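**Q** have a look; sequence and predicted model below, questions after that.
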Amino acid sequence: MANEGLARSLRRLRRLASLTQEELAERSGVSVDVVRQLEQRRKHSARLPTLHALANGLGVELTTLLGDPPAVSSGGENDGPRFVAMRRAVMPALGAPDPLPPGPGFSVGHLREQIADGWSKYHAAEFDPVLKALPGLLTDARSATVPEREADRAAGFAALAKALQLSGHVAVRLGKTDLALIALERAADAAGHSGDPLLPPMIANSVAWTYQRQGRLEDALNIALRAADDIGLGGHTDTADGLKVWGALTMSAATSAARSNEYERAAELMAAAEKEAARVASLPAGGDSRMVSVFSPSSVRIERVRLAVQYGHPEEALDLAKGIRLSKDTPPSWRTWLLLDVARAHTDLGDAAGAVRTLESLRRAAPTWMRHHVLAVAIVRDLWALPNHPAGLRALADFLGVGD
């Protein structure tokens with residue numbers, strides 16, 4: 001997983017740390033040959049555990065090593081007016097006046113629908129309209145926490161928590177993980193006033209994901225496991241929504257374990273998740289799927305494919321990917337990850353034609369996400385380095401802007 005700046009970033013950060021390639025390899029537990037291949041652009045991608053190990057060896061966040069994250073344009077617009085407006089909305093000025101009550105005609109139900117639509121756009125990689133909408137959503141959500149009736153205030157705090165959580169996710173995509181954690185800390189506070197027992201653990205899952213992005217894998221593992229345990233002890237896994245939140249946290253913990261090279265622990269967690277996922281369909285229908293964690297038999301299988309690729313088991317990944325039936329509430333982002341991982345597995349096996357066919361399918365299904373994913377660029381760069389280019393590769397390289 002890498003973009004075009006990985007070689008340059010790795011070399012620059014290693015030199016800033018005054019490390020030789022051999023010293024970085026020793027500190028990271030990574031083969032010196034891998035370090036050399038990445039720096040010399042003979043290898044354009046690496047498994048996530050390898051990238052985490054290199055980032056830890058350099059003492060930097062993973063996002064620093066990878067360069068521009070997926071939602072950032074080459075023009076640097078992640079610091080543009082819309083981002084500044086979102087940051088101001090997440091962190092109002094100290095001493096700013098308290099929010100005013102909502103005006104006539106305001107409906108918290110309509111606000112929740114707008115926030116849910118924001119989540120749908122986020123999962124479809126439509127980051128610009130989400131960034132544009134967030135300041136207004138946050139302002140309205142804060143106003144919704146003012147009414148005198150306790151039930152109305154609780155609903156307002158629930159909406160504010162989801163809007164702040166969405167802000168945190170967008171901030172991560174923009175490479176602003178510290179802002180993301182501020183947004184998520186405030187989301188957790190709002191969730192605590194909502195009376196919804198599932199909101200705090202959902203926020204905790206977002207915090208765990210942000211920790212993963214920062215390379216804080218042990219912190220990510222621990223917060224996900226604690227939140228999952230709290231859901232189980234609270235008896236919430238007997239509802240569809242509660243089980244989804246528990247399952248998403250368990251899969252998040254498995255991902256953190258896998259990236260820390262704790263493969264057996266990751267496998268145990270995924271086995272537990274797969275067993276419980278079968279119960280989701282048998283439970284009474286939950287709330288709006290756009291506002292609840294993603295967890296189903298198909299999402300578990302997608303995560304198993306991803307982990308198999310990270311483990312370096314491409315044959316297993318392709319076997320797992322065969323016959324996956326995606327549930328209707330599987331977000332486009334998850335479908336994208338699946339296709340990317342299948343393409344990576346084909347690449348690892350030397351099946352360039354299979355990788356190109358999969359990437360062509362991805363381009364048809366989710367062109368926006370494909371452009372935003374550094375893994376897609378890394379795969380095409382690896383294929384472009386081959387002496388013989390399979391049919392269709394030139395069009396993909398031109399689409400991603402990585403051809404000669």
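**A** Happy to help now that I have it.
**Q** drop to CA atoms for contacts and neighbour counts, all remaining ones
**A** Noted.
**Q** after the host helix or strand of A190, which helix or strand is next?
**A** Take DSSP states H and E as the rule and A190 turns out to sit in helix 177-192. Elements were assigned by DSSP H and E; along the chain past helix 177-192, the next helix or strand is helix 199-213.
**Q** what angle do that following helix and helix 177-192 make?
**A** Relative orientation of helix 199-213 and helix 177-192, computed by axes from the mean of the first three to the mean of the last three CA atoms, to 10 degrees: 170 degrees.
**Q** give the buried residues for helix 199-213.
**A** Within helix 199-213, the residues scored as buried using 16 or more other CA atoms under 10 Å are 199-213.
**Q** ditto for stretch 362-381
**A** Of all the residues in stretch 362-381, those buried under the rule 16+ other CA under 10 Å are 362-363, 366-367, 369-381.
**Q** W119 and V245, how far apart?
**A** Distance of W119 to V245, given as CA to CA, to the nearest Å: 16 Å.
**Q** now do S206
**A** Separation of S206 from V245 (CA to CA) stands at 11 Å.
**Q** ok, now S143?
**A** With distances taken as CA to CA, S143 is found 28 Å from V245.
**Q** tell me which of the two has more neighbours.
**A** V245 (24 against 21; other CA atoms under 10 Å).
**Q** shouldn't that one be in contact with V292?
**A** Yes: V245 lies in contact with V292 (CA atoms under 8 Å); the separation is 7.1 Å.
**Q** and for those two, which residues touch both?
**A** Residues touching both V245 and V292 by CA atoms under 8 Å, 6 or more residues apart in numbering: M202.
**Q** where does the stretch 1-150 of the chain dip in pLDDT?
**A** Confidence mapping of the stretch 1-150 of the chain against pLDDT under 70 gives the ranges 1-5, 44-45, 48, 61-64, 66-79.
**Q** got the angle for the longest helix anywhere in the chain vs helix 199-213?
**A** Counting by DSSP state H, the longest helix found in the chain is helix 150-173. Inter-element angle recorded for helix 150-173 and helix 199-213: 10 degrees (by the same axes, to 10 degrees).
**Q** other SSEs contacting helix 150-173?
**A** If you count contacts as 3 or more CA pairs under 8 Å, 6 or more residues apart in numbering; DSSP states H and E, helix 150-173 packs onto helix 81-90, helix 108-123, helix 127-143, helix 177-192, helix 199-213.
**Q** okay, those helices, which one's buried deepest?
**A** helix 199-213 (a mean of 25; mean count of other CA atoms under 10 Å).
**Q** what mean pLDDT does that helix have?
**A** For helix 199-213, mean pLDDT is 95.
**Q** beyond that helix, next helix or strand please.
**A** Tracing the chain past helix 199-213, the next element assigned as helix or strand by DSSP H and E is helix 217-233.
**Q** so what's L166 up against?
**A** Residues near L166 by CA under 8 Å, 6+ apart: 118-119.
**Q** again, only this time at 7 Å
**A** For L166, the contacting residues are W119, by CA atoms under 7 Å, 6 or more residues apart in numbering.
**Q** ok, now the one 3 residues further on?
**A** When the contact criterion is CA under 7 Å, 6+ apart, the partners of H169 are A180.
**Q** and the helix holding A190, what's its mean pLDDT?
**A** pLDDT averaged over helix 177-192 gives 96.
**Q** quick one: contacts of it?
**A** Here helix 177-192 makes contact (CA under 7 Å, 6+ apart) with 90, 157-158, 160-161, 164-165, 167-169, 171-172, 199-200, 203, 207, 210.
**Q** the residue nearest to A155 when sequence neighbours are not counted - how many residues pack around it?
**A** Closest residue to A155 apart from its sequence neighbours, by CA to CA, 6 or more residues apart in numbering: S194 at 6.3 Å. Using other CA under 10 Å, S194 is surrounded by 25 other residues.
**Q** verify the contact between S194 and A151 for me.
**A** No: under the criterion of CA atoms under 7 Å, S194 makes no contact with A151, lying 8.8 Å away.
**Q** roughly how far does the closest residue to A85 other than its chain neighbours sit from R325?
**A** Spatial nearest neighbour of A85, excluding adjacent residues (CA to CA, 6+ apart): P135 at 6.3 Å. For P135, the distance to R325 (CA to CA) stands at 37 Å.
**Q** which residues sit in contact with A391?
**A** Applying CA under 7 Å, 6+ apart, we find A391 in contact with no residue.
**Q** got the phi and psi for it?
**A** For A391, the backbone dihedrals are phi -60, psi 140 (criterion: degrees, to the nearest 10).
**Q** could you do L283 as well?
**A** Main-chain dihedrals, L283, degrees, to the nearest 10: phi -90, psi 160.
**Q** need the contact list for the nearest residue to it once chain neighbours are set aside.
**A** Distance criterion CA to CA, 6+ apart; nearest residue to L283, sequence neighbours excluded, is A240 at 5.4 Å. A240 sits next to 280, 283-286 when contact means CA under 7 Å, 6+ apart.
**Q** same check, this time on P49
**A** Contact analysis of P49 by CA under 7 Å, 6+ apart lists 259-261.
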